[in-house]
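Student: One predicted model, sequence on top.
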Amino acid sequence: MDFLSTYHLQGLVLGLCSFLIIGICHPIVIKGEYRYGQRFKWVFLAAGIVLCIGSLLVNSVLLSALMGVGAFSCFWGIKEMKEQQERVRKGWFPRNPRRTYPWDKEDIKN
């Protein structure tokens, strides 16, 4: 950490890691919705809470900020789970053939 402070690289490292955290969360949303459906949002909630608490307990500003970015990326992932299900319904992403979807029940009623 001294190296980052000495050469004023903390901002760049924070930006790069934020970019990577956000970029990693999107494929996790896609895979999680495909395999587990909407139940996977509880994983994002638990991870977000743990990261929020961790962010409050860590002394390093850089690590605390990264945990905060991770926490709110997880919370955003909860919202994205619903939107991912909608993207699957529209046919933009593949359906899991071993799962039933809410709109399948609507087709049976009609």
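Tutor: That came through fine. What you are looking at is a predicted structure, and each value in this text was computed from that prediction instead of being measured. Residues are numbered from 1 along each chain as shown.
Student: and Gln84, how many residues sit next to it?
Tutor: Gln84 has 23 neighbours, counted by other C-beta atoms under 10 Å. Quick note: C-beta positions are derived from backbone N, CA and C, even for glycine.
Student: so what's it up against?
Tutor: Applying C-beta atoms under 8 Å, 6 or more residues apart in numbering, we find Gln84 in contact with 29-30, 33, 93.
Student: The same query, at a cut-off of 10 Å, please.
Tutor: Counting by C-beta atoms under 10 Å, 6 or more residues apart in numbering, Gln84 makes contact with 26, 29-34, 37-38, 40, 77, 92-93.
Student: Equivalent analysis for Tyr7, please.
Tutor: Neighbours of Tyr7 in contact, by C-beta under 10 Å, 6+ apart: none.
Student: I'd like to know how far it sits from Met1.
Tutor: 11 Å (C-beta to C-beta, to the nearest Å).
Student: can you give me the helices in this protein?
Tutor: Per DSSP state H, the chain carries helices over the ranges 2-6, 10-36, 41-57, 61-89, 102-109.
Student: Single out the most deeply packed of those.
Tutor: Ranked by mean neighbour count, the helices of the chain are led by helix 61-89 with a mean of 18 (mean count of other C-beta atoms under 10 Å).
Student: Measure how far it is from the centre of its chain, please.
Tutor: With C-alpha atoms, centre = their mean, to the nearest Å as the basis, helix 61-89 stands 3 Å off its chain's centre.
Student: ok and that helix relative to helix 10-36, angle-wise?
Tutor: 30 degrees (axes from the mean of the first three to the mean of the last three C-alpha atoms, to 10 degrees).
Student: CA atoms only for stretch 59-78 - export them in PDB, please.
Tutor: Coordinates of each C-alpha in stretch 59-78 appear next as PDB, following Å, rounded to 0.1, in the frame of the first residue of the first chain:
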ATOM      1  CA  ASN A  59      -8.800   0.500   8.100                       C
ATOM      2  CA  SER A  60      -7.400   0.800   4.600                       C
ATOM      3  CA  VAL A  61      -9.200   3.500   2.600                       C
ATOM      4  CA  LEU A  62      -8.500   1.700  -0.700                       C
ATOM      5  CA  LEU A  63      -9.700  -1.700   0.500                       C
ATOM      6  CA  SER A  64     -12.800  -0.200   2.200                       C
ATOM      7  CA  ALA A  65     -13.700   1.600  -1.100                       C
ATOM      8  CA  LEU A  66     -13.300  -1.600  -3.100                       C
ATOM      9  CA  MET A  67     -15.500  -3.500  -0.600                       C
ATOM     10  CA  GLY A  68     -18.100  -0.700  -0.900                       C
ATOM     11  CA  VAL A  69     -18.000  -0.900  -4.700                       C
ATOM     12  CA  GLY A  70     -18.400  -4.700  -4.500                       C
ATOM     13  CA  ALA A  71     -21.300  -4.400  -2.000                       C
ATOM     14  CA  PHE A  72     -23.200  -2.000  -4.200                       C
ATOM     15  CA  SER A  73     -22.500  -4.000  -7.300                       C
ATOM     16  CA  CYS A  74     -24.000  -6.900  -5.500                       C
ATOM     17  CA  PHE A  75     -27.100  -4.800  -4.600                       C
ATOM     18  CA  TRP A  76     -27.300  -3.800  -8.200                       C
ATOM     19  CA  GLY A  77     -27.100  -7.400  -9.100                       C
ATOM     20  CA  ILE A  78     -30.400  -8.000  -7.300                       C
END
